[in-house]
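J.: Provide a 3D model corresponding to the input given below.
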Amino acid sequence: MSKHSTQNLMSESQTTSFARRRGFFRSAVLIAMLAGGAPAMSHHAFAAEYDIDKPVTLKGTLTRAEWVNPHGWIHVDVKDTKGAVTNWACEFGGPNALLRRGLRKTDFPIGGEVTVKGYLSKSGKPVMAATTVRLPNGQDFYAGSNGPDAPKQ
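T.: Here you go, the predicted model:
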C-alpha cells in the first residue's frame, strides 16, 4: 500500500467521523429547539382566549382530571335546565403551581361533584379558564389560571 493511499484512507475516515459528529450536532440542536419551543408556542395570554366579561359558575360531575404541562385540566359534565349534559373542559394553572397551593390530581375523585368558577372561552366551545374550584369535601382552591382573579405574587 502506498503512502498516498494510506493518507486517503485516513482522510476518508476523518471525513466520515466529522460527518457523523456534524449530523449528531444538527440533530441535537433541532431536538433542543423543538423541545424548548413547544411550551412557548402552546402558552397564551388570558385575554387571547377567554372573555373577562363572561364569568361563569359550573356545577357538575367530574369526568376526568389531567395534570399536564403547561396547564392542568378537569372535565365536568354539567346538566342544563332541560337535562341535557355538556362536558366542559376547565383549564387550570400548571401542575407545579397547583401542587404549591396544595392541590393534587388525587384530590379530584372521578364521579364527584365539583363547582368551578371562571371565564368562558371566546371560541364558543364548552371551555373555561378556571379561577376557583370547590371539591366534593367542601374545600375551595384557587385553580391557578392566569386570569384577573389570580392572586398577586
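J.: From here on, just use CA atoms for contacts and neighbour counts.
T.: Will do.
J.: what's the first-to-last distance across stretch 63-74?
T.: Taking Cα to Cα, to the nearest Å as the measure, stretch 63-74 stretches 8 Å from start to finish.
J.: for that stretch, which positions count as buried?
T.: 63-65, 67, 71-74 (16 or more other Cα atoms under 10 Å).
J.: Please tabulate these in a markdown table and include distance to Ala129 and pLDDT as additional columns.
T.: Output for the buried residues of stretch 63-74, formatted as a markdown table (distance: Cα to Cα, whole Å; pLDDT from 0 to 100):
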| residue | distance to Ala129 | pLDDT |
| --- | --- | --- |
| Thr63 | 17 | 98 |
| Arg64 | 16 | 97 |
| Ala65 | 15 | 95 |
| Trp67 | 15 | 91 |
| His71 | 10 | 90 |
| Gly72 | 11 | 93 |
| Trp73 | 9 | 95 |
| Ile74 | 11 | 96 |
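J.: In helices, which of those fall?
T.: Taking DSSP state H, every one of those sits outside helices.
J.: Now tabulate the residues you listed in TSV and tack on distance to Thr81.
T.: TSV is the format used below for the buried residues of stretch 63-74 (distance: Cα to Cα, whole Å):
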residue	distance to Thr81
Thr63	20
Arg64	23
Ala65	25
Trp67	31
His71	30
Gly72	29
Trp73	25
Ile74	22
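J.: Output the contacting helices and strands for the lengthiest strand in the chain.
T.: Longest strand in the chain, counting residues (DSSP state E): strand 50-67. Applying 3 or more Cα pairs under 8 Å, 6 or more residues apart in numbering; DSSP states H and E, one finds that strand 50-67 contacts strand 72-79, strand 113-121.
J.: hmm, who's touching it?
T.: 72-79, 94-95, 105, 108-122, 128-129, 148 (Cα atoms under 8 Å, 6 or more residues apart in numbering).
J.: who's in contact with Tyr119?
T.: With Cα under 8 Å, 6+ apart, Tyr119 has these contacts: 50-56, 128-131.
J.: for Tyr142, same thing?
T.: Shown in contact with Tyr142 (Cα under 8 Å, 6+ apart): 101, 131-133, 150.
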